[in-house]
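Participant: from the sequence below, what's the structure:
(one chain, ligands or ions: 2)
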Amino acid sequence: MALRRVSVEELRWCKHQHAYLRGAFFLQLGTGNRSKMTHVKSIIAGPRPVVLAGPSGAGKSTLLQQLLKEYKDQFGFSVSHTTRNPRPQEENGREYHFVTRELMKTAIENGEFIEHAEFSGNLYGTSKKAVREVQRAGRICMLDIDMQGVRSVKKTDLNPKYILIKPPSLASLEERLRGRGTESEESLSKRLGVADEEMKYGEMAGVFDYVIINDDVEKAYQELTEALSEEIKQACKQKNTLSNGTGGHNGIKG
Ligand SMILES: Nc1ncnc2c1ncn2[C@@H]1O[C@H](COP(=O)(O)OP(=O)(O)OP(=O)(O)O)[C@@H](O)[C@H]1O
Ligand SMILES: Nc1nc2c(ncn2[C@@H]2O[C@H](COP(=O)(O)O)[C@@H](O)[C@H]2O)c(=O)[nH]1
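Facilitator: Ligands and ions are numbered 1, 2, ... in the order given. Here you go, the predicted model:
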């Protein structure tokens, strides 16, 4: 068996991952009530996932798309299920798995979901399969979910890193949602109606690891990559090690 030297950074990464697994373990013990914790780590193994949350229109998809484009070997998107209708540019299996309410309810009853929520009149949910597929490909799994989803994930042992994306104001949120041109008046008012509450929960101490105000896309993206800098560095290193230094993003921007 060939042995090789392990760099300090790789060791640090192992420690980080170990702490992640240990964190998940103590999280289970810490509840004092194991039955309340939904166990997902036993079926989903891999690098620590990342949750992006924030009110509808805050810019989560915009930032995620940029990240997934720049670091396509390092990050993967957890494709959620939803009962809402696809938008003109959306493809089934890419942005979402578009399903009927009946099918989704059955899948939820069958325990196929890590979390699910009713949002703006539709069901949304993260399936175990969606996360597992990204993890199996050796990528860091990115979840784009609402605040109900955040609350639910916190009751599991998935133990992701939580990043809140905030708009500069509620007025700019409305302007962006209207500008996107995807919502009916009814959907718009439902989304705006919960935005304030969502942000209040998001701002509570300890709920999110990072809070990014998306007043300027480039600045917000820069802050997102900084929040994920350790993940980016280590994932790039691993890819480069696997491909023997011949492939993958080197993790250095510019
Ligand atoms: N910093 C910004 N300044 C101005 N417009 C922005 C900014 N960031 C995103 N937008 C625009 O705001 C709209 C909403 O952004 P986006 O779809 O990324 O939000 P979202 O948080 O993913 O929404 P949802 O939760 O509904 O999926 C889009 O039209 C996007 O181009
Ligand atoms: N709890 C969950 N929320 C989800 C999931 N997938 C997306 N979302 C959130 O829904 C709203 C609306 O999304 P839109 O595409 O209709 O604009 C947004 O806040 C998403 O973050 C999910 O699997 N679970």
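
Participant: after the lowest-mean-pLDDT helix or strand in the chain, next one along is what?
Facilitator: The weakest-scoring helix or strand in the chain, judged by mean pLDDT, DSSP states H and E, is helix 8-30 (a mean of 46). Sequence-wise, the next helix or strand downstream of helix 8-30 (DSSP states H and E) is strand 50-53.

Participant: and the residue of the stretch 101-250 of the chain found nearest ligand 2, what does it touch?
Facilitator: Closest to ligand 2 within the stretch 101-250 of the chain is residue 149: 2.5 Å, counting by C-beta to the nearest ligand atom. Yep, even glycine has a C-beta here, placed from its N, CA and C like the rest. Taking C-beta atoms under 8 Å, 6 or more residues apart in numbering, we find residue 149 in contact with 51, 53, 115-117, 124, 126, 143.

Participant: and those as JSON lines, adding distance to residue 220 and secondary structure?
Facilitator: Converted to JSON lines, the contacts of residue 149 look like this (distance: C-beta to C-beta, whole Å; DSSP: H, G, I helix; E, B strand; the rest coil):
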{"residue": "51", "distance to residue 220": "16", "secondary structure": "strand"}
{"residue": "53", "distance to residue 220": "14", "secondary structure": "strand"}
{"residue": "115", "distance to residue 220": "25", "secondary structure": "strand"}
{"residue": "116", "distance to residue 220": "28", "secondary structure": "strand"}
{"residue": "117", "distance to residue 220": "24", "secondary structure": "strand"}
{"residue": "124", "distance to residue 220": "23", "secondary structure": "strand"}
{"residue": "126", "distance to residue 220": "23", "secondary structure": "strand"}
{"residue": "143", "distance to residue 220": "18", "secondary structure": "strand"}
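
Participant: what ranges does the stretch 51-200 of the chain have for its strands?
Facilitator: 75-77, 80-82, 96-98, 113-119, 122-127, 140-144, 161-166 (DSSP state E, counting those that start in this stretch).

Participant: which among these is found nearest to residue 184?
Facilitator: Of all these, strand 122-127 sits nearest to residue 184, with 12.2 Å by C-beta to C-beta.

Participant: report whether that closest one contacts ligand 1.
Facilitator: No. Applying C-beta under 6 Å from any ligand atom, one finds strand 122-127 out of contact with ligand 1, separated by at least 9.8 Å.

Participant: ok, stretch 79-93 next?
Facilitator: No. Residues of stretch 79-93 are not located near ligand 1 by C-beta under 6 Å from any ligand atom, the shortest gap being 9.8 Å.
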